[in-house]
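Visitor: Any chance you could fold what I've pasted below:
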Amino acid sequence: MFGSGEFEFGEWVTPFTDVAVDILEVAYGHGQEGGELVVRVRVPDANKVYRLVFPTIAAVRLLDESGLLEFWQKTSDLGGRPGRTTFRVRNHAWTRESPLSFQPTDGWSFVIASDNECLEVVSVAAPAITAE
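Guide: Now for the predicted structure:
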């Protein structure tokens with residue numbers, strides 16, 4: 001486990017941290033090196049699309065939001081999380097189930113939570129984010 005070993009939320013500030021988004025695309029293997037993950041999200045209320053590029057990832061998963069009940073329960077138990085839509089998390093069930101995926105990092109993964117699905121990315125660095 002990482003840090004204290006307790007479940008933790010961490011801040012991840014993006015242009016859409018606290019607004020609803022739709023996940024439009026998740027594509028692995030783009031770029032010259034072939035190992036980057038490209039994610040596109042739309043902010044419907046602002047009619048904006050953002051492109052996120054994680055240059056190197058250790059693991060990724062896209063789930064229906066009900067697949068992350070632990071996150072929603074911990075949100076309630078801890079009195080909230082640092083962002084509605086984007087935040088970091090560590091020492092949760094996936095960390096325990098797949099510890100090798102988290103070894104290159106400090107245990108944090110990046111989460112984008114939409115109303116329909118959630119994307120979780122294990123990466124040593126936050127992605128570059130640009131407006132399209």
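
Visitor: Quick one: residues contacting residue 6.
Guide: residue 91 (C-beta atoms under 8 Å, 6 or more residues apart in numbering). Glycine gets a C-beta too; all of them are placed from N, C-alpha and C.

Visitor: Looking only at residue counts, what's the top helix in this protein?
Guide: Using DSSP state H, we find that the single longest helix of the chain is helix 69-77.

Visitor: right, and the helix or strand after that helix?
Guide: Once the chain leaves helix 69-77, the next helix or strand it forms, by DSSP states H and E, is strand 86-90.

Visitor: For the next helix or strand after that next one, the averaged confidence score.
Guide: Remark: after strand 86-90, the chain's next helix or strand is helix 93-97, criterion DSSP H and E. The average of the pLDDT scores along helix 93-97 is 88.

Visitor: what's next to the helix or strand that helix 93-97 is followed by, contact-wise?
Guide: Note on helix 93-97: by DSSP H and E, the next helix or strand toward the C-terminus is helix 99-102. With C-beta under 8 Å, 6+ apart as the test, helix 99-102 has contacts from 2, 58, 59, 90, 94, 95, 109, 122.

Visitor: can you check stretch 88-96 too?
Guide: By C-beta under 8 Å, 6+ apart, stretch 88-96 touches 1-12, 61, 70-71, 74, 101-102, 106-111, 120.

Visitor: quick revisit: could you pull out the buried residues of the longest helix of the chain?
Guide: 71, 74 (16 or more other C-beta atoms under 10 Å).

Visitor: what's the angle from that helix to strand 86-90?
Guide: Going by axes from the mean of the first three to the mean of the last three C-alpha atoms, to 10 degrees, helix 69-77 is angled at 100 degrees with respect to strand 86-90.

Visitor: Residues in contact with helix 69-77: which ones?
Guide: 7, 9, 65, 81, 89, 92, 93, 111, 113, 118.

Visitor: which one among the residues you listed gets closest to residue 16?
Guide: Among the contacts of helix 69-77, residue 113 lies closest to residue 16 (C-beta to C-beta), at 10.8 Å.

Visitor: Need the nearest residue in space to that closest one, chain neighbours excluded.
Guide: Distance criterion C-beta to C-beta, 6 or more residues apart in numbering; nearest residue to residue 113, sequence neighbours excluded, is residue 85 at 5.7 Å.
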